[in-house]
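*Asks:* How does the following fold in three dimensions:
(2 chains)
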Amino acid sequence: MLTILMAILIPFIAAIFIPFIYKFIPRINIGWFVLVVPIILFIGLVRYVPSVAAGKTYIKTISWIPSAGINFTTYLDGLSLIFALLITGVGSLVILYSIYYLSDRESLGHFYVYLLMFMGSMLGVVFSDNMMVLYVFWELTSISSFLLIAFWYHRKQSRYGAQKSLLITVTGGLAMLIGFVMLYAMTGSFSIRENIAAIGEFTSHPLFIPALVLVLLGAFTKSAQFPFHIWLPDAMEAPTPVSAYLHSATMVKAGIYIVARFTPIFGGEEVWFYAVSGIGLLTLFWGSLNAIRQTDLKALLAYSTISQLGLVMSLFGLGSVALHTGASSNSVLYTQATFAALFHLINHSTFKGALFMVVGIVDHNVGTRDVRRLGGLMSLMPVTFSIALIGSFSMAGLPPFNGFLSKEMFFEAMLMMRNVDVMSVGSWGTIFPIVAWIASIFTFVYSMIIVFQTFFGEHQPDRLDRKAHEASKGMLIAPSVLAVLVVGIFFFPNIIGNYLLRPAMAAIYPTFSGVNQLTPHISAWHGLKNNMPLFMTIGVVIIGYLLYITLHRWRSLYSVGPMLWNLDTLYNWSLKQMESSSTALTDYYMSGHLRDYLTYIFGFFLLAIGGSLVLFGGLSFDVSNDAPILINEVILVLVMAIAAISIIFVPSRVTAILLNGVLGYSIALFFVIFRAPDLALTQIVVETVTTALFLLCFHFLPELKRETSVRSSKIFNGIIAISAGVIVTVIALSVQGNKLFDSVSIYFENAYELTGGKNIVNTILGDFRAFDTMLEVVVLFIAGIGVYTLIKLKARKGERDVED
Amino acid sequence: MKTNDVILRTVTKAVVFIILTFGVELFFAGHNSPGGGFIGGLVLSSALVLLFLVYDIETVQQGIPVDFKKVAAVGVIFAVGTGVGAVLFGAAFLTQTFGMFHLPVFGDTELATVVLFEVGVALTVVGTVVTIILSISEDV
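*Replies:* Numbers count the residues shown, from 1 in each chain, chains lettered A, B, ... in the order given. The predicted structure is shown next:
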């Protein structure tokens, strides 16, 4: 059986091989090879469904940095399984779709590497129990999303959208990281499970609320909640398969995953409830309101995604009320909201995925996504039209599609808010169903726009770039599968309810016994009596229909007054301000003089080290343990001192370099005297190589010119130089007198038994402190590449070195 | 520099092999006496530097057709990879082990996984040093 660790690693391993396959088998579309990966993962994960539904969870820990509490712990429960199935399931369909969507001329190798990288990191997010590991994968999803949005990087809009999404989501991610560290400070564990188990012990901690807010910031930015939603419409510059996958079905839902995952920890808090449900409701309303004004179908879908994510978010907010009072028969009622949220999450992925693919097909076959130019495509593209109809009606919440079921449950949950008597909600609760209802009317209107303005009305071939025709069969497979799911879930919703949602509910409400009570029986028909949600839906349809047919009369309202107020303007303005102010700052201190930079470095060194030595009373000298100084050592020191001082006065570069070499070789001699042959060897070889390097560099430079500088700067330089020397000496001397930590040499006493090596220096480098050595090697490599690129890739004379 | 320096060239031909041998010896000696990946790598690269100084770059690269950037990259991957390798066997990252084996020619020999790690270090050092020197000298 597929282990969870393998599920995370397989996409990454596959991504490594993609460039090779792409290069050596150019005739077959690379997408077919990629397609195998999510299908295998999906099948492997589906096989977990029965055992997870029976209440089993899988956990496996691989220690990574145990001393810092960071371990690679994979954890599979109902909640992560839902997301993993969405990632691999929708992923398979999207890749299948992209094979037909993207032409062979695109750099498909890059595309699929990014996509696989994204898939792996997304699986990493949902399967990681350790918050630090989760964070790493979280940011990896941002980066792969960045690369995918900028896939057509020659377009300015693509680069802008990619930068925007990266800036916003990574800022949120950083906030979340701080939140995680705060949680660690409170509980001493990065494990989410252990944090959940410790709940109650730290809720009164002063850091609890800040941690909550910071984690929510991460979730909100990723899930495009108001006011961070502005990145999502710009992310639509990505190829349509990416929009369907990342920006509607998976990555944007990572924020929702975080909210669901952390509900057991933070859910009982008032702040959590108000933030999640309030922001969610606001996003729902704002997204649906703005979707109507869009003329680009993809932008419309972007706003509708924002709005639907808000809907799911607000439901999770309501569901958290259940944790406020603890497990009781009263609070079980509120868990229904969470159930509706999870249900709608799945439904949204099916119908929104299908809709994105439909829009992609229209764009691909007609050449435009502008609803003002589209129309009358129904008879020309009948299959596409059917899928669009199913998807939009499901989004609008009409039967017989799955969106209807979850929309009804959403209304029911919102109506429940009228009766909430905890968290001082009181009469405010009435606002919830009203806002939800109005937002649903707008949802209905924009869903109708998608179908009717694209496929009905007058066909205007002269306004289209290409002749309209039905898409190829292959391109229609993926959206058809999703459309079938949309209908299928409507008729058999309880399969999903029992097998997927029930274990997820158990994960979100671990303290509630009898989880089976939390899973309601989903049915489409509740009768007419006391069926408020149904009447609300009927109201939505009637008013929505009236609004839709009068759309041309009131659409102009969007161009008046406050509707023009735009968060994008604020974003662009602050970006510009940041750029100009940082340019000004950089221009101020990056003077281009090496002397200035050395002054900064040494100045900081003096202040930081010297300052802390004085502040913490580190200035103590103890010479009692020191060995006596021998005459040959004195001679060596004298040689070094003379060499060092003469460097300042010699007239030629070559002499200066050689004198510098004298210093290095003398130090090597010291190592020999103090019986450190390894260091002596290293020092000699390094000195040889660097001297050769210097000679290479400076051999062709003109002779040194005596610098003419004013007296005051000379004095200043002298002060800096002398005090840097003094500080180093003082440190060396005071190290003897201060022992803050235990000696580390006990580690190495058994070096031979532990490592089999007699050379203790090497056992330290290779065995005991191998992590340091490894990173040093990496640093060395980066430095080498840095030198190489600096020299080789610099702009030729006359070329512009700044890209527009 | 004089282009036709017979003595230097003749000496170099012999000396380079001595240095290379010394480098390899240092590399393998590392576990029990002075030496190791870093120094071994440095000595090897100093032999290469000597070659580059005495002959011109084209001649040397004809004889040693290796892209040293790739050597460095392979080295880094090796060093990190051996760390990951330990994880696959269920041990902590970068755990090293060793054992005594009886080999046909060498007799009882100690084999340690740390050698693999050191190979990575040595390759990175050789690759990086030569890359830096080559790119600087080509720039002049």
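
*Asks:* What residues sit buried inside the helix or strand hosting residue A:339?
*Replies:* Assigned by DSSP states H and E, residue A:339 belongs to helix A:329-366. Along helix A:329-366, these residues count as buried under the neighbour rule (16 or more other Cβ atoms under 10 Å in any protein chain shown): A:331, A:334-366. Every C-beta, even on glycine, is put in place using the N, C-alpha and C of the backbone.

*Asks:* Next, please give the residue ranges for the strands of chain B.
*Replies:* Taking DSSP state E, the strands of chain B run over residues B:98-103, B:107-112.

*Asks:* which secondary structure elements does the helix ranked longest in chain B contact?
*Replies:* Looking across chain B with DSSP state H, the single longest helix is helix B:114-139. If you count contacts as 3 or more Cβ pairs under 8 Å, 6 or more residues apart in numbering or on different chains; DSSP states H and E, helix B:114-139 packs onto helix A:677-698, helix A:770-792, helix B:6-29, helix B:37-54, helix B:57-63, helix B:68-88.

*Asks:* could I get these as a markdown table with mean neighbour count and distance to residue A:456?
*Replies:* A markdown table is the format used below for those (neighbours: other Cβ atoms under 10 Å in any protein chain shown; distance: least, Cβ to Cβ, whole Å):
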| stretch | mean neighbour count | distance to residue A:456 |
| --- | --- | --- |
| helix A:677-698 | 19 | 73 |
| helix A:770-792 | 17 | 57 |
| helix B:6-29 | 15 | 77 |
| helix B:37-54 | 24 | 72 |
| helix B:57-63 | 12 | 69 |
| helix B:68-88 | 19 | 58 |
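
*Asks:* Tell me which of these approaches residue A:118 most closely.
*Replies:* Taking Cβ to Cβ, helix B:68-88 is the member of those nearest to residue A:118, at 21.8 Å.

*Asks:* Just want the angle from the closest one to helix B:114-139.
*Replies:* 160 degrees (axes from the mean of the first three to the mean of the last three Cα atoms, to 10 degrees).

*Asks:* what angle do helix B:68-88 and helix A:770-792 make?
*Replies:* Going by the same axes, to 10 degrees, helix B:68-88 makes 160 degrees with helix A:770-792.

*Asks:* residue contacts, the most centrally placed residue in chain B?
*Replies:* With distances taken as Cα atoms, centre = their mean, residue B:41 lies nearest the centre of chain B, 3.6 Å away. Contact analysis of residue B:41 by Cβ atoms under 8 Å, 6 or more residues apart in numbering or on different chains lists B:23, B:27, B:121-126, B:129.

*Asks:* burial count for the closest residue to it other than its chain neighbours?
*Replies:* Nearest residue to residue B:41 in three dimensions, chain neighbours excluded: residue B:125, at 3.1 Å (Cβ to Cβ, 6 or more residues apart in numbering or on different chains). Burial of residue B:125, expressed as a neighbour count using other Cβ atoms under 10 Å in any protein chain shown, amounts to 28.

*Asks:* what would the contacts of residue B:41 look like in TSV with pLDDT?
*Replies:* TSV is the format used below for those (pLDDT from 0 to 100):
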residue	pLDDT
B:23	90
B:27	87
B:121	90
B:122	91
B:123	92
B:124	92
B:125	91
B:126	92
B:129	88
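
*Asks:* Mind putting these into a markdown table with distance to residue A:651?
*Replies:* Formatted as a markdown table, the contacts of residue B:41 follow (distance: Cβ to Cβ, whole Å):
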| residue | distance to residue A:651 |
| --- | --- |
| B:23 | 37 |
| B:27 | 42 |
| B:121 | 40 |
| B:122 | 40 |
| B:123 | 41 |
| B:124 | 38 |
| B:125 | 35 |
| B:126 | 36 |
| B:129 | 30 |
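
*Asks:* State the number of residues packed around the residue in the stretch 151-300 of chain A that chain B sits nearest to.
*Replies:* In the stretch 151-300 of chain A, the residue that lies nearest chain B is residue A:190 (16.5 Å; Cβ to the nearest Cβ). Look at residue A:190: counted by other Cβ under 10 Å, it has 24 neighbours.

*Asks:* Please verify my assumption that it contacts residue A:128.
*Replies:* No - under the criterion of Cβ atoms under 8 Å, residue A:190 is not in contact with residue A:128, lying 9.9 Å apart.

*Asks:* Name the residues contacting each of the two.
*Replies:* In contact with both residue A:190 and residue A:128: no residue, using Cβ under 8 Å, 6+ apart.

*Asks:* Check which residues of the helix or strand where residue A:483 lies are buried.
*Replies:* Using DSSP H and E, residue A:483 sits in helix A:473-491. Buried positions in helix A:473-491, judged by neighbour count with 16+ other Cβ under 10 Å: A:475-476, A:478-483, A:485-486, A:489-490.

*Asks:* Ok, stretch A:227-244 next?
*Replies:* Neighbour-count burial for stretch A:227-244 [16+ other Cβ under 10 Å]: A:228-244.

*Asks:* Looks like the residue nearest to residue B:41 contacts residue B:42 (just checking).
*Replies:* Yes - at 5.8 Å, residue B:125 and residue B:42 qualify as touching, with contact defined as Cβ under 8 Å.

*Asks:* Residue in the stretch 451-600 of chain A with the shortest distance to chain B?
*Replies:* For the stretch 451-600 of chain A, Cβ to the nearest Cβ, closest residue to chain B: residue A:594, 17.6 Å.

*Asks:* which stretches of the stretch 651-800 of chain A have low pLDDT?
*Replies:* The stretch 651-800 of chain A contains residues with pLDDT under 70 at A:699-700, A:704, A:706-707, A:737-738, A:794-800.

*Asks:* which bits of it sit near chain B?
*Replies:* Residues of the stretch 651-800 of chain A found near chain B (Cβ under 8 Å from any Cβ of the partner chain) are A:677-678, A:681-682, A:685-686, A:688-689, A:692-693, A:696-697, A:699-700, A:755-759, A:761-763, A:765-767, A:770-771, A:773-774, A:777-778, A:780-781, A:783-785, A:787-788, A:791-792.

*Asks:* Tell me the spacing between residue A:639 and residue A:659.
*Replies:* 11 Å (Cβ to Cβ, to the nearest Å).

*Asks:* should've said residue A:470
*Replies:* Relative to residue A:659, and taking Cβ to Cβ, residue A:470 is found at 81 Å.

*Asks:* repeat for residue A:215
*Replies:* Separation of residue A:215 from residue A:659 (Cβ to Cβ): 58 Å.

*Asks:* The two: which has the busier surroundings?
*Replies:* Counted by other Cβ under 10 Å, residue A:215 and residue A:659 do not tie: residue A:215 has more neighbours, with 27 against 17.

*Asks:* what helix or strand is that one on?
*Replies:* Residue A:215 belongs to helix A:208-222, assigned by DSSP H and E.

*Asks:* contacts for that helix?
*Replies:* If you take Cβ under 8 Å, 6+ apart as the criterion, helix A:208-222 is touched by A:138, A:142, A:168-169, A:171-173, A:175-180, A:182-183, A:186, A:202, A:225, A:228, A:251-252, A:254-256, A:258-259, A:262, A:266, A:269, A:271-272, A:275-276, A:279.

*Asks:* And for stretch B:75-82?
*Replies:* With contacts defined as Cβ under 8 Å, 6+ apart, stretch B:75-82 is touched by A:773-774, A:777-778, A:781, B:94, B:96, B:113, B:116-117, B:119-127.

*Asks:* please redo it, this time with the cut-off set to 10 Å
*Replies:* Residues from elsewhere that reach stretch B:75-82, judged by Cβ atoms under 10 Å, 6 or more residues apart in numbering or on different chains: A:770, A:773-782, A:784-785, B:37, B:41, B:74, B:84, B:93-96, B:113-128.

*Asks:* Quick check: buried residues in the longest helix of chain B?
*Replies:* B:114-115, B:117-137.

*Asks:* orientation of that helix relative to helix B:37-54 in degrees?
*Replies:* 30 degrees.
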